[in-house]
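Trainee: okay, here's the prediction I keep looking at, along with the sequence it came from:
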Amino acid sequence: MSLLGSRQSPDTAEVTRELADDVHESVAEHGDVLNVRPYRDDGDMRAAKQLLTAIHDVKSSDGLRSTNETPPIAFEPTYANEGIGYRFAPVDEHVLEELERLVPNFYRDADVTRDPAEFIPIKEGQYLAAARLELADDNYFKPIKHFEIDPEEFETDPYGAIIPEMIGRREGGDDVSTMVQVLIRPAWSNHSRDRKNWYHGVGHTAEQLKKGEVGWRPSAVLEGFATALTGGNAEEIDHTKKRPTTSAQKQAADVVGDQRGAKGYHLNVRVIATANSPEEAEERVRDTAGMYRRFYTSTYEQGFEPIWAGPDGATTLVRRMAKREWVDREMILSAGALAGVCHVPTTLATPEIDYSRTSGSGSTPSEAPAFESFQDEADSESESGASGE
């Protein structure tokens with residue numbers, strides 16, 4: 001039986017000395033992480049997609065039955081000590097070095113620092129609540145809400161709704177900390193055996209969207225039985241729900257179909273909170289995970305569903321988070337869809353965010369126009385050199 005199951009809300013676990021020690025030990029063993037202090041209005045969803053595309057590199061075992069052995073990367077928005085922070089915590093040292101080089105290319109005026117691994121405060125006697133997210137539909141080609149399909153929905157950053165839920169009530173006095181861990185792992189996109197590539201079968205989903213098919217009709221089973229009893233042909237029963245095809249659905253079908261050959265990531269999303277009261281820890285997890293469900297749910301019946309942890313599940317989850325341990329939850333998103341979930345927010349007017357006040361990376365000034373792709377960077381630099389700027 002799963003430790004995270006069908007319960008209606010998270011139940012807290014009291015933090016024991018053993019649990020606190022285990023977390024501190026795992027964090028100390030992790031090594032360095034990359035903290036990103038963003039510059040205001042520096043970078044957007046396109047920049048996040050470009051970064052995810054640039055760091056995508058699958059490492060596999062040799063042989064006919066090769067397996068994907070790429071170490072995961074954790075992106076961790078956190079609220080602790082009355083402040084919001086963002087960090088990348090790769091398990092692999094080479095990936096950390098690559099991120100250290102590449103993040104300033106896409107968040108050009110952010111302060112990017114390598115620091116000893118961090119976590120949220122977790123102390124003996126506190127209360128811990130936790131949840132993880134699953135996709136509502138196991139067909140991961142169906143799109144969650146993301147900026148390439150619903151650009152108007154992303155005029156306001158999704159984290160503008162999520163971060164306030166992580167913070168909660170600002171009265172203070174309860175020593176609350178909240179952490180979201182978006183654990184990503186590159187999926188195959190250029191394997192010689194097409195069935196191993198993450199986008200294999202995407203054409204069927206694109207065709208469903210064009211036809212307006214959005215899911216199974218539960219009543220179709222009963223209709224099939226009734227038809228069979230009366231001597232009819234049950235094979236003619238339509239088992240899918242349909243709605244009139246719209247231009248938006250056609251656009252979504254095109255975006256989904258274009259995922260073939262694109263970069264994709266396996267995904268694991270976890271949410272935890274610690275507090276001096278069980279009610280506050282539960283509320284922070286319930287509201288934060290609930291906002292992921294509300295914001296990213298699309299009109300195509302795809303989105304995130306929280307799986308609430310009980311006391312044993314919460315302690316298991318926090319130990320895995322401290323280790324940045326990968327567990328396959330059978331979720332895959334394209335780099336474009338993932339960008340809405342895995343990005344450093346730069347437009348939020350939240351007082352708990354400490355924005356960089358100067359060009360921390362020492363690169364292009366913040367008022368310079370953003371380049372369109374990672375590949376264009378070299379061209380931009382050469383053009384600047386030719387103009388003498």
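Mentor: Okay, I see it.
Trainee: what segments of the stretch 151-300 of the chain are strands?
Mentor: 177-187, 213-216, 240-242, 264-275 (DSSP state E, counting those that start in this stretch).
Trainee: so which of these is the most packed in?
Mentor: strand 264-275 (a mean of 26; mean count of other C-beta atoms under 10 Å). In short, each C-beta sits where N, CA and C put it, glycine included.
Trainee: ok, residues contacting the longest helix along the chain?
Mentor: Assignment by DSSP state H gives helix 278-296 as the longest helix of the chain. Here helix 278-296 makes contact (C-beta atoms under 8 Å, 6 or more residues apart in numbering) with 9-12, 126-131, 133, 144-146, 158, 161-162, 165-166, 168, 174, 176, 178, 180, 269, 271-275, 303-306, 308, 340-341.
Trainee: can you say which of those residues are buried?
Mentor: 10-12, 126-131, 133, 144-146, 158, 162, 165-166, 168, 176, 178, 180, 269, 271-275, 303-304, 306, 308, 340-341 (16 or more other C-beta atoms under 10 Å).
Trainee: remind me which residues of the chain are low pLDDT?
Mentor: 1-6, 62-64, 171-174, 213-245, 358-389 (pLDDT under 70).
Trainee: in it, which residue is closest to the centre?
Mentor: Central residue of the chain (C-alpha atoms, centre = their mean): V341, 4.1 Å from the mean position.
Trainee: please name the nearest non-neighbouring residue to that one.
Mentor: Of all residues not flanking V341 in the chain, V182 sits nearest, at 6.0 Å (C-beta to C-beta, 6 or more residues apart in numbering).
Trainee: just give the number of residues close to K59.
Mentor: 12 (other C-beta atoms under 10 Å).
Trainee: ok, V182 - contacts?
Mentor: Counting by C-beta under 8 Å, 6+ apart, V182 has contacts 74-76, 267-269, 341-342.
Trainee: farthest-separated two in the residues you listed?
Mentor: Greatest spacing in the contacts of V182, by C-beta to C-beta: E76 and L267 (14.1 Å).
Trainee: skipping adjacent residues, who's closest to P116 in space?
Mentor: Nearest to P116 is D32, by C-beta to C-beta, 6+ apart, at 6.2 Å.
Trainee: what's the neighbour count on the one you found?
Mentor: Neighbours of D32 (other C-beta under 10 Å): 16.
Trainee: phi and psi next, for it.
Mentor: phi -90, psi 160 (degrees, to the nearest 10).
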